[in-house]
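Engineer: How does the following fold in three dimensions:
(2 chains)
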2 protein chains.
Amino acid sequence: MKIAIDAMGGDMGPKVTVTGAVDAAREYGFSICLVGQKDLLTSELSKHDTSGLDLVIEDASQTVTMDDLPLVAVRQKKDSSIRIAAELVKSGEADGMVSAGNTGAVMATAKIFFGALEGVDRPAIATVLPTIKGMSLLLDVGANVDCKPMHLLQFAIMGHAYAQQVLHIPKPTVGILSIGSEESKGNELSRMALSLIRQTPFNIVGNVEGRDIFRGLVDVAVADGFVGNVALKIAEGVEEMITSLIKREIRKSIMGRLGFWFMIPAFKNLKKSIDYAEYGGAPLLGLNKVCIICHGISEAKAIKNAARVAAEFITKKVNTQIKEDISAIRQMIEKKKISAVESC
Amino acid sequence: MKIAIDAMGGDMGPKVTVTGAVDAAREYGFSICLVGQKDLLTSELSKHDTSGLDLVIEDASQTVTMDDLPLVAVRQKKDSSIRIAAELVKSGEADGMVSAGNTGAVMATAKIFFGALEGVDRPAIATVLPTIKGMSLLLDVGANVDCKPMHLLQFAIMGHAYAQQVLHIPKPTVGILSIGSEESKGNELSRMALSLIRQTPFNIVGNVEGRDIFRGLVDVAVADGFVGNVALKIAEGVEEMITSLIKREIRKSIMGRLGFWFMIPAFKNLKKSIDYAEYGGAPLLGLNKVCIICHGISEAKAIKNAARVAAEFITKKVNTQIKEDISAIRQMIEKKKISAVESC
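Structural biologist: Residues are numbered from 1 along each chain as shown, chains lettered A, B, ... in the order given. Sure thing, here's the model as predicted:
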């Protein structure tokens, strides 16, 4: 198993990505190819004990910044770490890639280099959200802003396969992110998508709302990329606000600081429960190859977990399952077992 | 100032609404008309000292439940507390109404009885969200699921007037809820809406994301009712999850319980910062009369604050400002000072 890691990605750069890569090589025995500026990575790698580990460096002279426009980055930075990592995967030298770089640029590069899986109209970005029971998958969170019902059906199929194979949920439940549980609730797109996925053999719970997701009442929640991304960023915003308000209150008084001291283990567990780093990044679903995107603020643990997730994505043959499921659904539509209206 | 309060609304019914009404009458000197089952309300009212307060009961034999379909409730429950309260406002016997009942039914009743303000195509529901700096207004949060850019422009105008007059923000900033700050980010609707509101004289910050709202970087965030409602329920879901996980951690150990004991004042302040009850409910904007909807789980304080907000809505002439601003914008469009594309 060889994973290419974009070592220049992320807000903290090689310091964090190299540590994550070394940890992944040691813990899981993966071959890791670190992609980025050779001198910088050699120097960073020399700080670690890498004896017995299968770690190589692939030089890439350019770095995509968070401000670069995705398509400009792909076209103009031909020697960027994102692009070189994608080339390694495309040529088969690596089995999958991980990047904590500019999400738009990684997505655009992966789409261009890997192409969509047979039968998939719109590849999507999925993200794992913490819930009080464990975790749920939400997709699409930003790859496709204006969608048709058929796209949401494909997101459901892809999310279902990923939840089954990588999140280890034997029979994942699937819902449409909406604004009320009744079938009549929602906008035109969500209602049409629900009536479509209702006809599939998946375990459909119907419409779900924000509370249902965080209460752990659905395993896979599906939305167009605009709604999904708004939802994700609202969730991050609320979490950030509450954390910030708790900190402010703790600092305000001696009682607060004392109480916090006793509660450190509790807060640590809480942080762990809702920590993105535990979940190993956001998979791009519906591509011919495997690419996991990590949050820009990823720590080494997130990079390590993303490498593990990429490996599982590959060994569990998620893409094969997606292709088969999409083909099966297409056949049901052709045989009129699923009635898809024209605008779907 | 006479406020009609739907005393049967809310998960906890008259016990809570009557207390809130008595508090509002005492604290603000309002005349309050409690609408609902007379016997029940008389008995509930007798538990309070109401000497010197202007409180009357208006009998309404029926109650709309949370499960009633909005239009069915309006048409079939002709003697419901929601409908009678709306009739009192329509006839001028009361100046405004407050209800913690079935949101859809209150909205439908208010739309039918009061009608849209001159120039307003789509009345909207606004909600106040807590931020680390204070509060922001988000609208629409559910009245209109499929919108055109011109509707979002009207939401911006209505939210701006409300934020200025009732939230006391002299020059509110306005943004479009989207998925990135760049003008090019968003879906077709949000991008067209942004290019439209950019041409108005309001203080436009552009696209805003969840984090921007909760960091307090925008006063009024505008979205279609589907996106706004998804956002609101995601925010509630995250808050509920974090609260529930903190409680679980506290219960787990003696250290946690001890720490919590010291931190009670801090947690109380935190709860106050993010407590919906402090903000006095969600106004319906764009109607000829004033109606404030409270959360189903409202406590007495939320009802009292909603009555205060309704009164301020009336005395500050928010509806007059909305009418004038919409008329001014319409004139700008007619004079081609704002270029609205046809599909707007």
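Engineer: mind checking which helix or strand A:G186 is in?
Structural biologist: With elements delineated by DSSP states H and E, A:G186 resides in a region that no helix or strand encompasses.
Engineer: show me the contacts for it.
Structural biologist: A:176, A:178-180, A:194, A:207, B:145, B:226 (Cβ atoms under 8 Å, 6 or more residues apart in numbering or on different chains). C-beta coordinates here come from the backbone N, C-alpha and C atoms, glycine included.
Engineer: try A:Q164
Structural biologist: Taking Cβ under 8 Å, 6+ apart as the definition, contacts of A:Q164 comprise A:170-172, A:321.
Engineer: Of those residues, which is the most crowded?
Structural biologist: Neighbours were tallied for each of the contacts of A:Q164 (criterion: other Cβ atoms under 10 Å in any protein chain shown), and the maximum of 21 neighbours falls on A:P172.
Engineer: Let me know the pLDDT of that one.
Structural biologist: At A:P172 the predicted local confidence, pLDDT, stands at 97.
Engineer: From A:T50, how far off is it?
Structural biologist: When distance is defined by Cβ to Cβ, to the nearest Å, A:P172 is 38 Å away from A:T50.
Engineer: can you check A:L232 too?
Structural biologist: Between A:L232 and A:T50 the distance, using Cβ to Cβ, works out to 36 Å.
Engineer: What segments of the stretch 151-300 of chain A are strands?
Structural biologist: A:173-177, A:203-208, A:220-222, A:282-285, A:290-293 (DSSP state E, counting those that start in this stretch).
Engineer: okay, those strands in CSV with distance to A:F260 next?
Structural biologist: Output for these, formatted as CSV (distance: least, Cβ to Cβ, whole Å):
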stretch, distance to A:F260
strand A:173-177, 35
strand A:203-208, 35
strand A:220-222, 34
strand A:282-285, 32
strand A:290-293, 34
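Engineer: among those, which is nearest A:L41?
Structural biologist: strand A:290-293 (19.6 Å; Cβ to Cβ).
Engineer: Identify the neighbouring strands of that closest one in the sheet and state each direction.
Structural biologist: strand A:96-99 (parallel), strand A:282-285 (antiparallel) (DSSP bridges).
Engineer: Now it: average pLDDT?
Structural biologist: Mean pLDDT, strand A:290-293: 96.
Engineer: For chain B, give me its nearest residue in the stretch 1-150 of chain A.
Structural biologist: In the stretch 1-150 of chain A, the residue that lies nearest chain B is A:V145 (4.2 Å; Cβ to the nearest Cβ).
Engineer: Can I take it that that residue is in a strand?
Structural biologist: No: assigned with DSSP: H, G, I helix; E, B strand; the rest coil, A:V145 falls outside any strand and is coil.
Engineer: Output the longest helix belonging to chain A.
Structural biologist: Looking across chain A with DSSP state H, the single longest helix is helix A:225-252.
Engineer: which one is A:V309 nearest to, not counting chain neighbours?
Structural biologist: Once flanking residues are discounted, A:V309 sits nearest to A:G280: 3.8 Å by Cβ to Cβ, 6 or more residues apart in numbering or on different chains.
Engineer: scratch that, A:L177 is what I was asking about
Structural biologist: Ranked by Cβ to Cβ, 6+ apart and with sequence neighbours excluded, the top spatial neighbour of A:L177 is A:A223, at 4.0 Å.
Engineer: wouldn't the one you found be in contact with A:G142 here?
Structural biologist: No: the pair formed by A:A223 and A:G142 falls short of the contact definition of Cβ atoms under 8 Å, at 10.5 Å.
Engineer: quick one, which of these two is more surrounded?
Structural biologist: The neighbour comparison of A:A223 against A:G142 (other Cβ under 10 Å) goes to A:A223, with 29 against 25.
Engineer: In contact with the more buried one: list those residues for me.
Structural biologist: Taking Cβ under 8 Å, 6+ apart as the criterion, A:A223 is in contact with A:138-140, A:152, A:155, A:176-177, A:190, A:231, B:230.
Engineer: And those residues, which is closest to B:Q76?
Structural biologist: A:S190 (27.9 Å).
Engineer: ok, that closest one - how many residues close by?
Structural biologist: Counted with other Cβ under 10 Å, residues neighbouring A:S190 total 24.
Engineer: A:E278 now?
Structural biologist: Counted by other Cβ under 10 Å, the residues lying close to A:E278 total 15.
Engineer: Surely it and A:K272 touch.
Structural biologist: Yes: proximity of A:E278 to A:K272 meets the contact threshold set by Cβ under 8 Å, at 6.4 Å.
Engineer: Which strand residues bridge the residue nearest the centre of chain A?
Structural biologist: For chain A, the residue lying nearest the average C-alpha position, counting by Cα atoms, centre = their mean, turns out to be A:A282 (0.9 Å). A:A282 forms beta bridges with A:I293, as assigned by DSSP bridges.
Engineer: Would you check how far apart it and chain B are?
Structural biologist: A:A282 sits at a distance of 14 Å from chain B (criterion: Cβ to the nearest Cβ, to the nearest Å).
Engineer: next one: A:N305
Structural biologist: 20 Å.
Engineer: Which residue is the nearest non-sequential neighbour of that residue?
Structural biologist: For A:N305, the nearest residue in space outside its immediate sequence neighbours is A:G280; the separation is 3.4 Å by Cβ to Cβ, 6+ apart.
Engineer: Any idea how many residues pack against the one you found?
Structural biologist: Other residues lying near A:G280 total 25 when counted by other Cβ under 10 Å.
Engineer: Looking at A:I125 now. What's its pLDDT?
Structural biologist: A:I125 carries a pLDDT score of 96 in this model.
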